[in-house]
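# Mind folding the following:
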Amino acid sequence: MNNKWFLSFLVALVMVMFLAGCSPNDEPGGKHARGTPLNLEAAAPVELKLQDYNGGFFTMKIPENWVVETTGEYENFGFRAHDPDCPGRQIFFYGNMKPFLKSIEAKEFWNSYLAGGGYGDAQLYADAPVLSPPTTEQFYSLFGDFAALAEKYGIVHNFPRLNELRVLESMPQNSPIGAQALDDTIIRALFTDDGIPCEGLFAGSVFDLLTYDAGGVDSGHYAVYVVTGISAPADEFLFLEETLAQSLGSFQFDQSYIQQGVAKIEWETEKALEIGKTLSEANDSYNQAWHDRQPAKDTVGQKDSDKTLGYDRLYDTETGETYRAELGFYDEYDHNRDQFANPNLERVPDDGYELYGKPVSGYIYK
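As a prediction, the model looks like this:
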């Protein structure tokens with residue numbers, strides 16, 4: 001009789017423990033018994049898938065659903081490939097951009113020359129931006145000015161919009177043509193496109209193309225060769241840099257196109273092949289520059305992005321997962337965290353480089 005009573009008691013005890021362990025209020029993992037669930041929206045994975053693209057006289061690999069826009073031909077050829085839904089996701093290449101004047105005094109010379117009658121190209125030089133100092137960094141600060149100049153002189157092309165450009169750091173590019181350049185640099189910079197904070201790596205080689213003494217003023221001009229760039233929204237670039245560099249480096253002219261250029265304008269085969277080689281090496285150059293970057297600056301663009309788009313960056317102290325939370329949520333949550341199913345969220349600290357190095361798991365709304 002005692003054995004039967006003990007067995008019944010044991011079965012009942014097991015059932016109570018089982019039911020207690022299966023409370024419907026438990027979160028996954030069974031840690032928190034009760035509380036208000038977070039208004040959480042899972043984040044889409046940050047990735048790009050490359051596919052083959054044939055432009056007729058060139059080939060490359062670009063991310064799925066991107067569009068390619070070209071301009072010019074042969075040594076003046078350029079392209080921009082971008083995501084039509086997010087223009088800040090892009091890669092680009094331009095064989096050369098010119099002219100850039102060397103000083104304000106040179107611009108004054110060309111304007112005074114025009115006032116006296118001038119000649120055919122005088123207006124172009126008078127309108128050209130002044131590249132002083134003649135550096136890659138300064139060139140990119142004038143990118144919008146050059147795009148406006150190109151449009152004025154009939155070049156119809158959707159150039160990258162590098163608004164409010166802010167350089168984070170510069171690194172030597174060491175390109176095949178860099179030995180003869182005044183500057184041959186890769187810059188890491190923040191900018192905005194359509195109001196969205198973006199980050200990118202950009203390169204170009206600045207050359208003194210023509211010296212022209214006009215009354216003691218060098219009124220010649222500079223040119224920037226092999227202008228390349230890769231970019232994405234600032235909170236994504238950390239995770240997309242390698243794929244973007246791979247896409248840019250995959251560009252190749254068709255051999256028959258090179259031969260046509262040689263026959264038509266005596267475009268040297270060696271020079272044509274060098275452009276292809278330079279772009280193939282851009283992959284390694286960008287990746288090396290990214291490897292050599294200052295990790296402390298990885299957070300700058302992401303913080304700017306969070307602030308502009310209206311988010312706090314939070315993390316779960318137990319799982320290490322990171323989240324973007326709508327501004328205002330955290331202050332209310334912090335005063336009432338025990339009422340939430342997950343009370344373990346904290347703001348990512350300013351020096352939380354490892355946490356900023358993770359893609360966000362989701363978005364939390366009030």
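# which residues of the stretch 201-350 of the chain fall in strands?
Counting by DSSP state E, counting those that start in this stretch, the stretch 201-350 of the chain has strands at residues 213-214, 217-218, 221-233, 252-253, 311-316, 322-326, 345-347.
# Just name the most buried of these.
Comparing those by mean neighbour count (mean count of other C-beta atoms under 10 Å), strand 221-233 ranks first with a mean of 24. For every residue, glycine as well, the C-beta is placed using N, CA and C.
# Please state the mean pLDDT value computed over it.
Here strand 221-233 scores 95 as its mean pLDDT.
# Around residue 124, how many other residues sit close by?
By other C-beta atoms under 10 Å, 15 other residues sit near residue 124.
# Centre-most residue in the chain?
Among the residues of the chain, the one closest to the centroid is residue 231, at 1.8 Å (C-alpha atoms, centre = their mean).
# Same list (the strands of the stretch 201-350 of the chain) but as JSON lines, adding distance to residue 200.
Compiled in JSON lines, these are given as follows (distance: least, C-beta to C-beta, whole Å):
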{"stretch": "strand 213-214", "distance to residue 200": "37"}
{"stretch": "strand 217-218", "distance to residue 200": "32"}
{"stretch": "strand 221-233", "distance to residue 200": "3"}
{"stretch": "strand 252-253", "distance to residue 200": "23"}
{"stretch": "strand 311-316", "distance to residue 200": "21"}
{"stretch": "strand 322-326", "distance to residue 200": "21"}
{"stretch": "strand 345-347", "distance to residue 200": "27"}
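# on that earlier part again, got a list of what the residue nearest to the centre of the chain touches?
88-91, 160, 191, 198-202, 237, 244 (C-beta atoms under 8 Å, 6 or more residues apart in numbering).
# so where's the stretch 251-366 of the chain uncertain?
268-273, 276 (pLDDT under 70).
# which residues of it fall in helices?
255-265, 269-291, 298-309, 329-335, 353-356 (DSSP state H, counting those that start in this stretch).
# out of the ones you listed, deepest packed?
Most buried among the helices of the stretch 251-366 of the chain, given mean count of other C-beta under 10 Å as the contact rule, is helix 298-309, at a mean of 19.
# From the contact counts, what lies against that helix?
strand 183-193, strand 196-210, helix 237-249, strand 311-316, helix 353-356 (3 or more C-beta pairs under 8 Å, 6 or more residues apart in numbering; DSSP states H and E).
# which parts of the second one are buried?
Yep, that's strand 196-210 we're talking about. Within strand 196-210, the residues that qualify as buried are 196, 197, 198, 199, 200, 201, 202, 203, 204, 205, 206, 207, counting by 16 or more other C-beta atoms under 10 Å.
# Switch those over to TSV; also include pLDDT and distance to residue 325.
Compiled in TSV, those are given as follows (pLDDT from 0 to 100; distance: C-beta to C-beta, whole Å):
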residue	pLDDT	distance to residue 325
196	92	19
197	94	18
198	96	22
199	96	22
200	97	27
201	96	29
202	97	32
203	95	36
204	94	39
205	93	44
206	96	44
207	95	49
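# Let's have these in JSON lines, adding distance to residue 177.
Converted to JSON lines, the buried residues of strand 196-210 look like this (distance: C-beta to C-beta, whole Å):
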{"residue": "196", "distance to residue 177": "33"}
{"residue": "197", "distance to residue 177": "32"}
{"residue": "198", "distance to residue 177": "27"}
{"residue": "199", "distance to residue 177": "26"}
{"residue": "200", "distance to residue 177": "21"}
{"residue": "201", "distance to residue 177": "18"}
{"residue": "202", "distance to residue 177": "16"}
{"residue": "203", "distance to residue 177": "11"}
{"residue": "204", "distance to residue 177": "11"}
{"residue": "205", "distance to residue 177": "5"}
{"residue": "206", "distance to residue 177": "11"}
{"residue": "207", "distance to residue 177": "8"}
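# ok, of these, which one's closest to residue 77?
Residue 77 lies nearest to residue 204 out of the buried residues of strand 196-210, by C-beta to C-beta, at 15.5 Å.
# quick one: that closest one and residue 222 touch, right?
No - using C-beta atoms under 8 Å as the test, residue 204 is too far from residue 222 to be in contact (10.8 Å).
# List the contacts of residue 79.
Residue 79 touches 55, 58, 68, 69, 70, 71, 92, 93, 251, counting by C-beta under 8 Å, 6+ apart.
# Go through those and name the one nearest residue 301.
residue 92 (19.0 Å).
# which residues does the closest one bridge with?
residue 80, residue 229 (DSSP bridges).
# now it: how far from residue 203?
11 Å (C-beta to C-beta, to the nearest Å).
# which residues do these two both contact?
What both residue 92 and residue 203 touch, as defined by C-beta under 8 Å, 6+ apart, is the set 227, 228, 229.
# Just put these in JSON lines and tack on distance to residue 266.
Below are these laid out as JSON lines (distance: C-beta to C-beta, whole Å):
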{"residue": "227", "distance to residue 266": "23"}
{"residue": "228", "distance to residue 266": "25"}
{"residue": "229", "distance to residue 266": "29"}
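# Closest to residue 133 out of those residues?
residue 227 (17.5 Å).
# so who does that closest one touch?
78, 92, 93, 94, 95, 96, 97, 203, 204.
# got the contact list for residue 110?
101, 118, 122, 125, 126, 219.
# How about residue 355?
313, 315, 320, 322, 348, 349.
# What's the separation between the last one and residue 315?
Plainly put, residue 349 is 9 Å away from residue 315 if you go by C-beta to C-beta.
# so which of the contacts of residue 79 is the most crowded?
That'd be residue 251 among the contacts of residue 79, by other C-beta under 10 Å, with 25 neighbours.
# That one reaches residue 62, doesn't it?
No - here residue 251 lies out of contact with residue 62, judged by C-beta under 8 Å, at a distance of 9.6 Å.
# Cool, thanks, talk later.
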